[in-house]
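Visitor: Here is the input, now give the coordinates:
(chains A and B)
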Amino acid sequence: NAGVTQTPKFRILKIGQSMTLQCAQDMNHNYMYWYRQDPGMGLKLIYYSVGAGITDKGEVPNGYNVSRSTTEDFPLRLELAAPSQTSVYFCASTSGEPNTQYFGPGTRLTVL
Amino acid sequence: GQNIDQPTEMTATEGAIVQINCTYQTSGFNGLFWYQQHAGEAPTFLSYNVLDGLEEKGRFSSFLSRSKGYSYLLLKELQMKDSASYLCAVYGSGNTGKLIFGQGTTLQVKP
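Guide: Below is the predicted model:
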C-alpha cells in the first residue's frame, strides 16, 4: 500500500492564480481531511469528507473548495491564491475505528 | 469553546526522561491522540488513549485523565532522533472523525 499520497510536493503561485492539490489514498478509508500548518503552529482543518459525495467545512475553509467523487481521491482547490494561503498542506485519512488519521507527505505552497 | 494547550518548547538531555503535558477543553470526548512530527515531515501516529490510565509502548507512554481534561506523553531514554514536535489531538463529539490539534510542543534533545 502506498498509503496517502499528495502532489505536488512544492509549488510557487502568483497572487490570483488557481491550483488543485491532489490527494489519494489506497486504504479504502471513508474519512478524509485537508489541513494547513503554518510555521510553528498546529494543524487547522480546512475541509473534510465522511464518504464519496459528502464534504463539509472545517475551521478555515475560506478561499478553498473540495470535491469527493471517489473513495480514493480528495482534491483541494485554491481559487484566487493570496499570500495568506502560503502554508504546508496535509491530507489525511482514517477508517474511523479507532480514528487514527494517516497523513500524506504534504504540499509546501508559497504565494507571492 | 474548544481549546487544547501544550507547552511551546522543551529541552532535555540525551538518555533522560521528559514529560510533555496537554490539557484540553472540548465539547465531547471520544479519545486523545499523540503524534510525532519531525521538521519538514508529516505527523506520524504515536499513541491513543480513550480510557483513563497509562498506555505504554516501548520508550513512549501516554497517560489520560478524562475528569481533569489532562494527558501527558512520557519519553524515556531520550535519543537525539526524538528531537521533533509532539502534537496532542482530541477526537471530540460526533462521528465525523475530526481531530482538534494543539499547537504542538517542540522538543530539543541535547547531547
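Visitor: Show me which residues of chain A are close to chain B?
Guide: With CB under 8 Å from any CB of the partner chain as the criterion, chain A comes near chain B at residues A:31, A:33, A:35, A:40-45, A:48, A:50, A:56, A:58, A:90, A:94, A:96, A:98-106. To be clear about C-beta, it is placed using only N, CA and C from the backbone, and glycine gets the same treatment.
Visitor: now chain A, which segments are flagged as low pLDDT?
Guide: Residues of chain A that meet the criterion pLDDT under 70 lie in A:97-98.
Visitor: Kindly export stretch A:52-62 (C-alpha atoms) in CSV.
Guide: Backbone C-alpha positions of stretch A:52-62 (Å, rounded to 0.1, in the frame of the first residue of the first chain) are rendered in CSV as follows:
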residue,chain,number,x,y,z
ALA,A,52,-17.8,9.8,-1.5
GLY,A,53,-20.1,12.6,-2.4
ILE,A,54,-20.1,14.1,1.1
THR,A,55,-18.0,17.1,2.1
ASP,A,56,-18.1,19.7,4.8
LYS,A,57,-16.3,22.8,6.0
GLY,A,58,-13.7,22.7,8.8
GLU,A,59,-12.2,25.5,10.8
VAL,A,60,-10.6,27.6,8.0
PRO,A,61,-12.5,26.9,4.7
ASN,A,62,-12.5,30.4,3.1
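Visitor: Name the residues that touch that stretch?
Guide: Residues outside stretch A:52-62 that contact it (CB atoms under 8 Å, 6 or more residues apart in numbering or on different chains): A:33-34, A:36, A:44-50, A:66-71, B:96, B:98.
Visitor: Stretch B:42-57 now?
Guide: Outside stretch B:42-57, the residues that touch it by CB under 8 Å, 6+ apart are A:43, A:90, A:98, A:100-106, B:30-37, B:60-67, B:71, B:73, B:86-87.
Visitor: quick one on the thing from earlier: which of the contacts of stretch A:52-62 are buried, as a PyMOL select command?
Guide: Entered in PyMOL, the line below selects the buried ones among the contacts of stretch A:52-62, by 16 or more other CB atoms under 10 Å in any protein chain shown:
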select buried, (chain A and resi 33+34+36+44+45+46+47+48+49+50+66+67+68+71) or (chain B and resi 96+98)
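Visitor: which ones among the contacts of stretch A:52-62 are found in strands?
Guide: Here DSSP state E is the test, and the contacts of stretch A:52-62 give A:Tyr33, A:Trp34, A:Arg36, A:Lys44, A:Leu45, A:Ile46, A:Tyr47, A:Tyr48, A:Ser49, A:Val50, A:Val66 as lying in strands.
Visitor: wait, what's in contact with the residue nearest the centre of chain A?
Guide: The centroid of chain A falls nearest to A:Trp34 when counting by CA atoms, centre = their mean (3.1 Å). A:Trp34 sits next to A:21, A:23, A:45-48, A:58, A:64, A:66, A:74, A:76, A:89-91 when contact means CB under 8 Å, 6+ apart.
Visitor: Kindly indicate which of these lies nearest B:Ile17.
Guide: Set against B:Ile17, the nearest of these by CB to CB is A:Phe90 (30.0 Å).
Visitor: From B:Ser27, how far out is the closest one?
Guide: A:Phe90 sits at a distance of 24 Å from B:Ser27 (criterion: CB to CB, to the nearest Å).
Visitor: do the same with A:Asn28
Guide: For A:Asn28, the distance to B:Ser27 equals 30 Å [CB to CB].
Visitor: For A:Asn62, grab the count of nearby residues.
Guide: 9 (other CB atoms under 10 Å in any protein chain shown).
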